[in-house]
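Visitor: Take a look and give me a structure for this.
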Amino acid sequence: MAKLGKRTTAAREAFVGKEDVTVEEAVALIKGNSKVKFDETMEIAMNLGVDPRHADQMVRGVVGLPNGTGKTMRVAVFARGPKAEEAQAAGADIVGAEDLMETVQSGKIEFDRCIATPDMMPIVGRLGKVLGPRNLMPNPKVGTVTMDIKEAVEAAKGGQVQFKAEKGGVVHAGVGKLSFDEAKLAENIRAFVGAVAKAKPTGSKGTYMKKINLSSTMGPGISVAVDDAMTDQA
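Guide: So this is what the prediction gives:
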């Protein structure tokens, strides 16, 4: 087993004996033990009592974080004509149709969110094997297949986060930067947890939210009390 560095060891020791703490306690611990030289992301991992292999247990959705993500979101839009112009005016980074499809097929994916007008889906559909595994495939359920391109682009640029249950029923996302005020991070975390709670599928039986874990990009994780994370502190 590889020997842990002094920084990692010290961070882990600071977390020993602390489980199911409040959101505020977790945020303070994580911020206080970040020793790296870049602005880490606050990451949340939620263990859900679902099996996403079954359609009636899939969890997916979108949430606008009240304080944004702190990340510059690169947005690509599949559109033509006036809708392509609307996308450009709204601040989309890449706009195209067949030309954009060819770029993606070549393996060049320089965007974090993909939006499309409904008439573009026959083209976008050919990219399922490329965009699907990266969770970039446009989907009407999360507002990325739409005629309201302006709103979709502005939402993506403004701190909107998509989520989807992966294998094992785990939902993972970044909910802000460690440079954010503790209160703003806590507010983002509770907004995210609330959105996942509302996305509870009809096929979910028993305990829906099993465990919530917070961590920084390079730091150890700490579990947060589910009841506390579900509490609206506003």
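Visitor: Check the gap between the residue positioned nearest the centre of the chain and E166 for me.
Guide: What sits nearest the mean C-alpha location of the chain, by Cα atoms, centre = their mean, is A173, with 3.6 Å. A173 sits 11 Å away from E166, going by Cβ to Cβ, to the nearest Å. Where C-beta positions appear, they are placed from N, C-alpha and C, glycine not excepted.
Visitor: Which residues are in contact with V50?
Guide: Q57, M58, V59, A165, G169, P201, G203, S204, Y208 (Cβ atoms under 8 Å, 6 or more residues apart in numbering).
Visitor: Closest one to D232 out of these, please.
Guide: When the contacts of V50 are ranked by distance to D232 (Cβ to Cβ), Y208 comes first, at 17.7 Å.
Visitor: Pretty sure that closest one sits against Q57.
Guide: No - in this structure Y208 lies outside contact range of Q57 using Cβ atoms under 8 Å: 10.2 Å.
Visitor: Give me the residues contacting the longest helix anywhere in the chain.
Guide: In the chain, taking DSSP state H as the definition, the longest helix is helix 182-198. Helix 182-198 is contacted by residues 23-24, 27-28, 31, 42, 44, 46, 48, 59, 61-67, 161, 163, 171, 173, 175-176, 178, 180, 208-209, 212, 214, 224, 229-234 when judged by Cβ under 8 Å, 6+ apart.
Visitor: Selection in PyMOL covering whichever of these are buried, please.
Guide: To isolate the buried members of the contacts of helix 182-198 in PyMOL, using 16 or more other Cβ atoms under 10 Å:
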select buried, resi 23+24+27+31+42+44+46+48+59+61+62+63+65+67+161+163+171+173+175+176+178+180+208+209+212+214+224+229
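Visitor: Can you list the buried residues in stretch 98-116?
Guide: L100, M101, V104, I109, F111, D112, R113, C114, I115, A116.
Visitor: Also stretch 28-43?
Guide: So, applying 16+ other Cβ under 10 Å, buried residues of stretch 28-43: L29, I30, K31, N33, S34, E40, T41, M42, E43.
Visitor: try stretch 111-130
Guide: Buried, per 16+ other Cβ under 10 Å, within stretch 111-130: F111, D112, R113, C114, I115, A116, T117, M120, I123, V124, L127, V130.
Visitor: in this structure, which segments are predicted with low confidence?
Guide: 1-17, 233-234 (pLDDT under 70).
Visitor: Chain neighbours aside, what residue packs nearest to K210?
Guide: Nearest residue to K210, sequence neighbours excluded (Cβ to Cβ, 6 or more residues apart in numbering): N47, at 4.4 Å.
Visitor: How is the one you found assigned, secondary-structure-wise?
Guide: Here N47 is strand, with the state taken from DSSP: H, G, I helix; E, B strand; the rest coil.
Visitor: and the longest helix of the chain, C-alpha only, in PDB?
Guide: C-alpha atoms of helix 182-198 as PDB (Å, rounded to 0.1, in the frame of the first residue of the first chain):
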ATOM      1  CA  GLU A 182     -19.300  28.800   4.300                       C
ATOM      2  CA  ALA A 183     -22.900  30.000   4.400                       C
ATOM      3  CA  LYS A 184     -23.100  30.000   0.600                       C
ATOM      4  CA  LEU A 185     -21.700  26.600   0.300                       C
ATOM      5  CA  ALA A 186     -24.200  25.300   2.900                       C
ATOM      6  CA  GLU A 187     -27.000  26.900   0.900                       C
ATOM      7  CA  ASN A 188     -25.900  25.300  -2.300                       C
ATOM      8  CA  ILE A 189     -25.600  21.900  -0.700                       C
ATOM      9  CA  ARG A 190     -29.100  22.100   0.800                       C
ATOM     10  CA  ALA A 191     -30.500  23.200  -2.600                       C
ATOM     11  CA  PHE A 192     -28.900  20.300  -4.300                       C
ATOM     12  CA  VAL A 193     -30.100  17.800  -1.700                       C
ATOM     13  CA  GLY A 194     -33.600  19.300  -1.900                       C
ATOM     14  CA  ALA A 195     -33.600  18.800  -5.700                       C
ATOM     15  CA  VAL A 196     -32.600  15.200  -5.500                       C
ATOM     16  CA  ALA A 197     -35.200  14.600  -2.800                       C
ATOM     17  CA  LYS A 198     -37.900  16.000  -5.200                       C
END
